[in-house]
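Trainee: Sequence first, then the predicted structure:
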Amino acid sequence: MAFKNLNRANRALIASVEKIGDEKAVRFHLNVHMKLLRWLIQANPVDTGRSQNAWQSSIERPQETEPPPPALVADKGAAMERVLAQAAQALAGLQLGDSSWIYNNVDYVPYLEEGHSSQAPSGFIDLALQRLAVSLERAA
């Protein structure tokens, strides 16, 4: 699945990091990661809450397997709190030069991204990337 705003967000992120210097770069990286993750959770269409609760974070590469089904909760607040706490734990060892990943291995997420849900617009992931790019560009 290609996201038209991914390269734009990456360019804006790199430009922002180059301006702040190494000592602040890891903290900035974490803040940007968590902001994007928060926007993805908020935008994720919710029926059972499975895909919303399945957003994961890691350093250097995503896991290849689908996560076990979480408790089916359609409460965005509960998903937000749980997923952000897991992300903070997963990224605790982030260092300068590391890549962080946000991913969702639930098999139907590509269909949600393509607009097969009446609960969110087509391209909700790409819209979150666009929102991040605009945010970073404005801050630069």
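Mentor: Cool, the structure landed.
Trainee: to the chain's geometric centre, what's the distance from the top helix by length along the chain?
Mentor: Counting residues, the longest helix found in the chain (DSSP state H) is helix 22-43. With C-alpha atoms, centre = their mean, to the nearest Å as the basis, helix 22-43 stands 8 Å off its chain's centre.
Trainee: Tell me which other helices or strands it touches.
Mentor: In terms of contacts (3 or more C-beta pairs under 8 Å, 6 or more residues apart in numbering; DSSP states H and E), helix 22-43 is packed against helix 6-20, helix 76-90, strand 100-103, helix 124-139. In this view, the C-beta of every residue, glycine as well, is placed from N, C-alpha and C.
Trainee: Packing partners of the following helix or strand past it?
Mentor: As assigned by DSSP states H and E, the chain's next helix or strand after helix 22-43 is helix 50-53. Packing partners of helix 50-53 (3+ C-beta pairs under 8 Å, 6+ apart): helix 76-90.
Trainee: Can you point out the buried residues in stretch 22-38?
Mentor: Within stretch 22-38, the residues that count as buried by 16 or more other C-beta atoms under 10 Å are 25-26, 28-30, 32-34, 36-38.
Trainee: Next, the buried residues of the helix or strand of the chain with the lowest mean pLDDT.
Mentor: None of the helices or strands of the chain scores lower by mean pLDDT, DSSP states H and E than helix 6-20, at a mean of 82. For helix 6-20, burial by neighbour count (16+ other C-beta under 10 Å) applies to 8-9, 12-13, 16-17.
Trainee: Looking at the helices and strands packed on helix 22-43, spot the one closest to residue 49.
Mentor: Nearest to residue 49, of all the helices and strands packed on helix 22-43, is helix 76-90, at 6.1 Å by C-beta to C-beta.
Trainee: got the CA positions of that closest one in PDB?
Mentor: C-alpha atoms of helix 76-90 as PDB (Å, rounded to 0.1, in the frame of the first residue of the first chain):
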ATOM      1  CA  LYS A  76     -11.400   5.400  21.500                       C
ATOM      2  CA  GLY A  77     -10.200   6.800  24.800                       C
ATOM      3  CA  ALA A  78      -9.400   3.300  26.100                       C
ATOM      4  CA  ALA A  79      -7.700   2.300  22.900                       C
ATOM      5  CA  MET A  80      -5.700   5.600  22.900                       C
ATOM      6  CA  GLU A  81      -4.400   5.100  26.500                       C
ATOM      7  CA  ARG A  82      -3.500   1.400  26.000                       C
ATOM      8  CA  VAL A  83      -1.800   1.800  22.600                       C
ATOM      9  CA  LEU A  84       0.200   4.900  23.600                       C
ATOM     10  CA  ALA A  85       1.400   3.200  26.800                       C
ATOM     11  CA  GLN A  86       2.500   0.200  24.800                       C
ATOM     12  CA  ALA A  87       4.300   2.500  22.300                       C
ATOM     13  CA  ALA A  88       6.100   4.300  25.100                       C
ATOM     14  CA  GLN A  89       7.300   1.000  26.400                       C
ATOM     15  CA  ALA A  90       8.400  -0.300  23.000                       C
END
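Trainee: If anything else comes up later, I'll come back, but that's it for now.
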